[in-house]
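In: build me a model from this:
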Amino acid sequence: MGYSDEEFGIYRNVLPTIIFDDFTTASRFVDFPFKVKSSAIKILTSNSGFSTRYLLEAMQIIRFKVGGHQRHWISIFANLVIPCPSFEEQKAILKVLATADHEISALQNFLKSLKKEKKALMQQLLTGKRRVQVEAA
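Out: Residues are numbered from 1 along each chain as shown. This is a model prediction of the structure:
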């Protein structure tokens, strides 16, 4: 989120880790030391044989209605069981997901470029710099 030159409150223990916001249920994969600034953050680490990134991806698909001002970790997430295949299968699943993420990113970039091209074309058409050929009826 930002940079701090403070030394107090920097989490350096087990990395990578997942930070989980207990109120919003937002979660992020973190593989660098970070400043802990909120009591609502849960720092989640994985046991041996489990991929932290896989656990994050599994957590991301959990859907439920977030409402009120409650601590969701204790009331919901701590009681969930996430099915975990072997470590090798976790890595294979992550590889497929990474490929999909790259493809999505490439398509989003392509969409941005098409929107820019459309905007430029609209500007040329609306100012009369470019004309549309209309067939006679």
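In: tell me the pLDDT of Lys115.
Out: Note for Lys115: predicted pLDDT of 98.
In: quick one: the residue lying closest to Ser4 once chain neighbours are set aside and Ala26, what's the gap?
Out: Nearest non-adjacent residue to Ser4, counting by Cβ to Cβ, 6 or more residues apart in numbering: Lys35, 4.8 Å away. C-beta: built from backbone N, CA, C; applies to glycine. The gap separating Lys35 from Ala26 is 17 Å, by Cβ to Cβ, to the nearest Å.
In: with neighbour numbers in mind, choose between these two.
Out: Lys35 (16 against 11; other Cβ atoms under 10 Å).
In: make sure Ser46 is indeed in a helix.
Out: No: assessed with DSSP: H, G, I helix; E, B strand; the rest coil, Ser46 is coil; it does not lie in a helix.
In: and the residue nearest the centre of the chain, what are its bridge partners?
Out: The centre of the chain sits closest to Arg28, judged by Cα atoms, centre = their mean, with a distance of 6.7 Å. For Arg28, the beta-bridge partners are Ile19 (DSSP bridges).
In: now do the contacts for it.
Out: 18-19, 56 (Cβ atoms under 8 Å, 6 or more residues apart in numbering).
In: adding pLDDT and neighbour count, write those out as TSV.
Out: Shown next, in TSV, are the contacts of Arg28 (pLDDT from 0 to 100; neighbours: other Cβ atoms under 10 Å):
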residue	pLDDT	neighbour count
Ile18	93	18
Ile19	92	18
Leu56	92	21
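In: between those, which sits nearest Ala78?
Out: Nearest to Ala78 among those is Ile18, at 13.4 Å by Cβ to Cβ.
In: give me the pLDDT value at the closest residue to that closest one other than its chain neighbours.
Out: Once flanking residues are discounted, Ile18 sits nearest to Leu44: 4.2 Å by Cβ to Cβ, 6+ apart. We have a pLDDT of 90 for Leu44.
In: let me see the contact set for Leu44.
Out: Neighbours of Leu44 in contact, by Cβ under 8 Å, 6+ apart: 17-20, 27, 52, 55.
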